[in-house]
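1. Could you look at this predicted model? Sequence included:
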Amino acid sequence: ETGVTQTPRHLVMGMTNKKSLKCEQHLGHNAMYWYKQSAKKPLELMFVYSLEERVENNSVPSRFSPECPNSSHLFLHLHTLQPEDSALYLCASSQDGGTEAFFGQGTRLTVV
Amino acid sequence: LAKTTQPISMDSYEGQEVNITCSHNNIATNDYITWYQQFPSQGPRFIIQGYKTKVTNEVASLFIPADRKSSTLSLPRVSLSDTAVYYCLVGSEYGNKLVFGAGTILRVKS
């Protein structure tokens, strides 16, 4: 248990569905991150919320939409995904964007 | 984050000491060096962090030379369960994007 909880752990969705991934951290951190990790590939940083500022990777398609209602919760809204979006989605948090980050267990997403 | 370079993979046997080196020639004065471990289908786990000289915890040791342009993660007496990907990151105390490189795949054999 790292103090970062992701739900659901597994998700199968069709290409026309809309779903959301949830992340919650109980560490009092003020920076949160979404990563995508495809099979046997490095972690790809998707979005960062740090000190109430959102930073995004410009290569992330608009079918992924993040939401950070407060410093403890982070969502990733998904719509009209493609099969190549199937991957492990990881959430992380840190204090002030420092390099000591804590990761959740991830959501294994399969798009059919 | 400063750019880092690590070996793509390493092989070892159970009981051996494993040293993984990371190069970070452009490290800034206020940068720290952080190492993570990742098992398949799990998120990375923070292992150790240091600024200079040597840091040791219950899991590993981190050796940083005086010029800080490289660092070495040392895993004593590895076991099969240490098979994982190890990442080196360099960044300051705040405001980092936390971009991970490819890491080093460590395979421990019996």
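-> Arrived safely, thanks for sending. Residues are numbered from 1 along each chain as shown, chains lettered A, B, ... in the order given.
2. what sits up against the helix or strand where A:K22 lies?
-> Taking DSSP states H and E as the definition, one finds A:K22 inside strand A:18-25. When contacts are defined by C-beta atoms under 8 Å, 6 or more residues apart in numbering or on different chains, strand A:18-25 is touched by residues A:3-8, A:11, A:13, A:32, A:34, A:72-79, A:89, A:91, A:93, A:102, A:104, A:107, A:109. Any C-beta I mention is one placed from the backbone N, CA and C, and that applies to glycine too.
3. now the strands: where do they sit in chain A?
-> Along chain A, the segments classed as strands by DSSP state E run A:4-7, A:10-13, A:18-25, A:31-37, A:44-50, A:53-56, A:64-70, A:73-79, A:87-94, A:102-103, A:107-111.
4. mind listing what residue 96 touches?
-> Picked chain A for this. Each residue near A:D96 by C-beta under 8 Å, 6+ apart is listed here: A:30-31, A:50-51, B:93-95.
5. Please refer instead to chain B.
-> Going by C-beta under 8 Å, 6+ apart, B:N96 touches A:94, A:97-99, B:1, B:89.
6. for chain A, where's the lowest mean pLDDT among helices and strands?
-> One helix or strand of chain A scores below all others by mean pLDDT, DSSP states H and E: strand A:53-56, with a mean of 81.
7. correct me, but A:S65 touches A:L76?
-> Yes. Counting by C-beta atoms under 8 Å, A:L76 is a contact partner of A:S65 at 7.4 Å.
8. So if I had to pick from these two, which one is more boxed in?
-> Between A:S65 and A:L76, counting by other C-beta atoms under 10 Å in any protein chain shown, A:L76 is the more crowded of the two (22 against 14).
9. For that one, which non-adjacent residue is spatially closest?
-> Closest residue to A:L76 apart from its sequence neighbours, by C-beta to C-beta, 6 or more residues apart in numbering or on different chains: A:L21 at 4.3 Å.
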